[in-house]
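Participant: Give the three-dimensional model of this entry:
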Amino acid sequence: DNRNFFKVYWDGDYPKNDKDGSVGNTCGNGICQSLVTGGCLCDTTITESRVFKEMPNSVAEVLTKLTIGWYDTDAYDSGSYSDAILGGNGVTAYLAASTGAYDTETVFEVMDDYGRLHRFKNTKEHVRVKGASQYAFRNAPSFMSVL
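Facilitator: The predicted structure follows:
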């Protein structure tokens with residue numbers, strides 16, 4: 001059991017308990033368990049996919065499409081990441097040395113309009129309800145310390 005509650009932004013419709021209002025959908029037409037306290041309890045799967053297959057066109061594109069922050073590549077063992085690839089558009093890419101490609105391990109580094117440095121993993125994650133993949137949201141939060 002997990003007592004962490006968090007708001008998610010569903011990609012579209014979502015499982016709704018009929019007891020929560022007149023517009024319920026029987027917790028995804030019975031895919032999820034209807035809770036007596038309201039809400040639905042659903043089994044889920046997580047999928048990970050690449051966002052960019054090449055250097056992004058702009059800083060704005062990176063800030064808009066990537067949402068998973070990542071570490072400075074200098075924190076990894078020497079040789080884990082390529083040398084910086086400068087895009088000439090304010091975007092810097094670091095490719096994982098093991099693949100040498102723009103994949104889910106690529107790290108993009110950009111500076112926003114306020115002078116703040118951002119590092120993002122080239123990844124989007126979707127949490128999908130098992131048995132009803134139309135119910136999905138992106139990038140679930142993590143409550144575990146990575147340190």
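
Participant: Could you report the neighbour count for residue 91?
Facilitator: A count of nearby residues for residue 91, using other CB atoms under 10 Å, gives 21. Placement of C-beta: from N, CA and C, glycine included.

Participant: So which residues of this structure form helices?
Facilitator: Taking DSSP state H as the test, the helices found in the chain are 26-29, 59-65.

Participant: would JSON lines of those with mean neighbour count be doable?
Facilitator: As requested, these are exported to JSON lines (neighbours: other CB atoms under 10 Å):
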{"stretch": "helix 26-29", "mean neighbour count": "18"}
{"stretch": "helix 59-65", "mean neighbour count": "16"}
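
Participant: among those helices, which gets the worst mean confidence?
Facilitator: Among these, helix 26-29 carries the lowest mean pLDDT, at a mean of 84.

Participant: so what does that one touch, helix or strand wise?
Facilitator: Secondary-structure packing of helix 26-29 (3 or more CB pairs under 8 Å, 6 or more residues apart in numbering; DSSP states H and E): strand 33-34, strand 132-138.
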